[in-house]
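> Mind looking at a prediction? Sequence and model below.
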Amino acid sequence: MVVLDPGHDLRANSDTEPIGPGSSTLKIKDGGGTRGVVSGLTEAELNLRVALRLEPLLEEAGVRVVMTRSRNAGASMGNIARARIANRAGARLFLRIHADGSADASSRGTHVLYPALRRGWTDDVYGASKRAAWVVQADLVRALGFPDRGIRERSDFTGFNWSDVPVILVEMGFMTNRTDDRLLATTRYQRRAAVGLCRGTLRFLGRKAAACGTP
Ligand SMILES: [Zn+2]
């Protein structure tokens, strides 16, 4: 069982929620994500398109899939709710699909984020999440051919700190970069991203990635 979490939704959600269990630090549920500088596509829509392509690839490879959402409708549910879906499902991987935005239009490329180590919050998922980040980053970079920005820890992601299952957040590319955005807006690159994510997920699960097909 893998839980796919296409980031954001039709609308942002300015409600707040604790950044981790028992924390008094509150953070906004969802700032709304970024938008394509050339394509005009919202990040929420791009994330969803890739997730909807990835879902059947994984299922055909014999992996059951739960989606945190399967359409763009309404306000974003927030990150505790997303993590709870993965926790309840007992997911072997909670795969969060995003694209990045930057004030620097030249920033481009792919990176994968995973939870920083914090006792009581992420110590139970840290090792597996880091391994998943490595594996999925390699396959996603290979599939998309974008610059490799590596993997990075984050201590400030609510959806990481509430997760009781291995979790990563992929930033496929930068929608604020003309090259990344133009390519990611095409069905060809959305398929490439889905195949790369499928291959990385299967390798992380100890299965043969060939079941995903080729990008
Ligand atoms: Zn995002």
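Everything's here; your move. Numbering: from 1, shown residues only.
> only C-alpha atoms for contact and neighbour calcs from this point on.
Noted.
> Can I take it that Asp164 is in a strand?
No: assessed with DSSP: H, G, I helix; E, B strand; the rest coil, Asp164 is coil; it does not lie in a strand.
> these two touch, right, it and Gly120?
No: look at Asp164 against Gly120 with CA atoms under 8 Å: they stay out of range, at 10.3 Å.
> in the protein, which spans are strands?
Along the chain, counting by DSSP state E, strands occupy 2-6, 13-18, 26-30, 65-67, 93-100, 110-115, 148-154, 167-174.
> what's the fifth one in contact with?
Residues external to strand 93-100 that are found in contact with it (CA atoms under 8 Å, 6 or more residues apart in numbering): 1-7, 34, 43-44, 46-47, 50-51, 83, 86, 165-176, 201.
> Contact residues of the protein facing the ion?
Gly33, His98 (CA under 5 Å from the ion).
> mind checking how far the residue with the largest distance to the centre of the chain is from the ion?
Distance from the C-alpha centroid of the chain peaks at Ser24, with 25.9 Å (CA atoms, centre = their mean). According to CA to the ion, to the nearest Å, Ser24 and the ion sit 24 Å apart.
> give the contact list for that residue.
With CA under 8 Å, 6+ apart, Ser24 has these contacts: Pro18.
> go with 10 Å
Going by CA atoms under 10 Å, 6 or more residues apart in numbering, Ser24 touches Glu17, Pro18.
> Likewise for Leu48?
By CA under 10 Å, 6+ apart, Leu48 lies in contact with 4-9, 54, 67, 69-72, 97-98.
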